[in-house]
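S.K.: below are the sequence and a predicted model for it; my questions follow.
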Amino acid sequence: MSNKSLARLNDFWRNTPSIFNDDLFKISYPKEFSKILNGKCDFEEHEENYVVELEVPGVNKDEIKVTLKNDYLTINWNRKNEKKSNAKNASYERSEGSFTRSFYVEGADQEKIEAELKNGVLKLVLPKKENLKSKQITIK
């Protein structure tokens, strides 16, 4: 490939992001799709417990419901945006509505679950029941 071709290719890639900022490429997603993008979380299973960390910025603990039923942990929360105005031009990207996330947590001990909401992150620690933890068996 010649230097001239490389220069053209370089120019193309340098200018590509500005092409997609054009109004032609702006997409309005349905409200339901935005719910998928909310509630980003980390889920870990360890030998002793499960750990879930879920982003719920701007949500008070009173607006979050956590349930454990049939080995499924379900987290429900609501988010309301108060910033609706009569502005001539406005863009609202933060979603509002009801959200749900569910996780399979086999053998979680319902009586020992710990939950904490700090800086917009809900952290749940779900210890496993004793009979589900693996144990090394000594052979005689």
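M.R.: The structure has been received and is ready for your questions.

S.K.: where along this protein do the strands fall?
M.R.: 41-45, 49-55, 64-69, 72-79, 97-104, 114-118, 121-127 (DSSP state E).

S.K.: can I get those strands in a markdown table with mean neighbour count and distance to Ala87?
M.R.: Heads up, the C-betas are built off the backbone N, CA and C, glycines and all. As requested, those are exported to a markdown table (neighbours: other Cβ atoms under 10 Å; distance: least, Cβ to Cβ, whole Å):
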| stretch | mean neighbour count | distance to Ala87 |
| --- | --- | --- |
| strand 41-45 | 13 | 33 |
| strand 49-55 | 18 | 28 |
| strand 64-69 | 13 | 31 |
| strand 72-79 | 17 | 21 |
| strand 97-104 | 14 | 22 |
| strand 114-118 | 12 | 32 |
| strand 121-127 | 19 | 31 |
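
S.K.: CSV for these, including mean pLDDT?
M.R.: Shown next, in CSV, are those (pLDDT from 0 to 100):
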stretch, mean pLDDT
strand 41-45, 94
strand 49-55, 95
strand 64-69, 95
strand 72-79, 90
strand 97-104, 88
strand 114-118, 96
strand 121-127, 96
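
S.K.: any chance of a markdown table for the ones you listed, columns distance to Ile139?
M.R.: Below are those laid out as a markdown table (distance: least, Cβ to Cβ, whole Å):
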| stretch | distance to Ile139 |
| --- | --- |
| strand 41-45 | 28 |
| strand 49-55 | 28 |
| strand 64-69 | 37 |
| strand 72-79 | 37 |
| strand 97-104 | 33 |
| strand 114-118 | 37 |
| strand 121-127 | 29 |
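
S.K.: with that, I have no additional questions.
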